[in-house]
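A.B. asks: Okay, here's the prediction I keep looking at, along with the sequence it came from:
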Amino acid sequence: TYTDRQGLAGTVTGVARQGGRLYVATSQGLYSLRPARMGLALAQNNPALALAAFVPVPGVATDCWSLASTGSELLVGTGRGVTVVAGGRVRAHLPLDGTAYSVLPLRGAPGWAVAGAPTGPVLLRRRAGQWAIVGPVHQASGEARSLYEAPDGHVWMGTLASGVLRADFSLGVRQEAPVR
């Protein structure tokens, strides 16, 4: 069991592996697991290094709600938007007007992702190695708390008070996608 004694602070909201590292999102930040280093512990006479521990990822000391790996990067939904992490470091922060409760890289459309925000889903796109906010999915509204991509290209969104919505990205990812 890993708790605050091993470096984790706050309530755990997500766990993901990316780039060979294990990350944990909590209500107080993003953490990565530092493996035990028995040889170094003995060499430096530092028993703390013999234990695996979670260490904060610098630059993500805010409430984290979700984690999603794109393969080369970790998208972190936070209380301030979406943070992009690669190699244990923050690469970018995409500010949203409120919390990114969920983040979903689209398997059917590489380089695209959807973030579940308080006002509805927001499209993100990676171009020339950088993520950017494209904008909201126009026909969808409601606090998108959970996201699921179906094999047919539809993205299902569980909202806080508007039920379940379905965006049709089967003909391409765009802000004007039909939503039911």
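C.D. replies: Thanks, I have the structure now. Numbers count the residues shown, from 1 in each chain.

A.B. asks: shaky segments in the chain?
C.D. replies: Within the chain, the ranges that satisfy pLDDT under 70 run 1-3, 37-50.

A.B. asks: list the contacts for Lys57?
C.D. replies: Let me fix one detail, which is that residue 57 is Val and not Lys. Val57 is in contact with Tyr23, Gly29, Leu30, Tyr31, Ser32, Val85, Gly88, Arg89, Val90, counting by C-beta atoms under 8 Å, 6 or more residues apart in numbering. For the C-beta atoms, the positions are set from N, CA and C on the backbone; glycine is no exception.

A.B. asks: Okay, and the beta partners of Arg126?
C.D. replies: Trp131 (DSSP bridges).

A.B. asks: so it touches Gly111, yeah?
C.D. replies: Yes. Contact criterion C-beta atoms under 8 Å: Arg126 and Gly111 qualify, at 4.4 Å.

A.B. asks: These two: which is more packed in?
C.D. replies: Set Arg126 next to Gly111 and count neighbours by other C-beta atoms under 10 Å: Arg126 wins out with 19 against 13.

A.B. asks: so what's the more buried one up against?
C.D. replies: Contacts of Arg126 by C-beta under 8 Å, 6+ apart are Thr70, Gly111, Trp112, Ala113, Ala132.

A.B. asks: which among the residues you listed end up buried?
C.D. replies: Thr70, Trp112, Ala113 (16 or more other C-beta atoms under 10 Å).

A.B. asks: from these, which is closest to Pro95?
C.D. replies: Ala113 (15.3 Å; C-beta to C-beta).

A.B. asks: in what helix or strand does that closest one lie?
C.D. replies: Element membership for Ala113, per DSSP states H and E: strand 112-117.

A.B. asks: For my notes, confirm Leu123 occurs in a strand.
C.D. replies: Yes. Judged by DSSP: H, G, I helix; E, B strand; the rest coil, Leu123 forms part of a strand.

A.B. asks: any idea how far it lies from Ala140?
C.D. replies: Separation of Leu123 from Ala140 (C-beta to C-beta, to the nearest Å): 10 Å.

A.B. asks: Looking at those two, which is more packed in?
C.D. replies: Ala140 (25 against 22).

A.B. asks: who's in contact with the more buried one?
C.D. replies: Ala140 is in contact with Gly120, Pro121, Met157, Leu165, Ala167, Val179, counting by C-beta under 8 Å, 6+ apart.

A.B. asks: what about the residue nearest to Ala177 when sequence neighbours are not counted, which helix or strand?
C.D. replies: Spatial nearest neighbour of Ala177, excluding adjacent residues (C-beta to C-beta, 6 or more residues apart in numbering): Ala167 at 4.9 Å. According to DSSP H and E, Ala167 maps onto strand 164-168.
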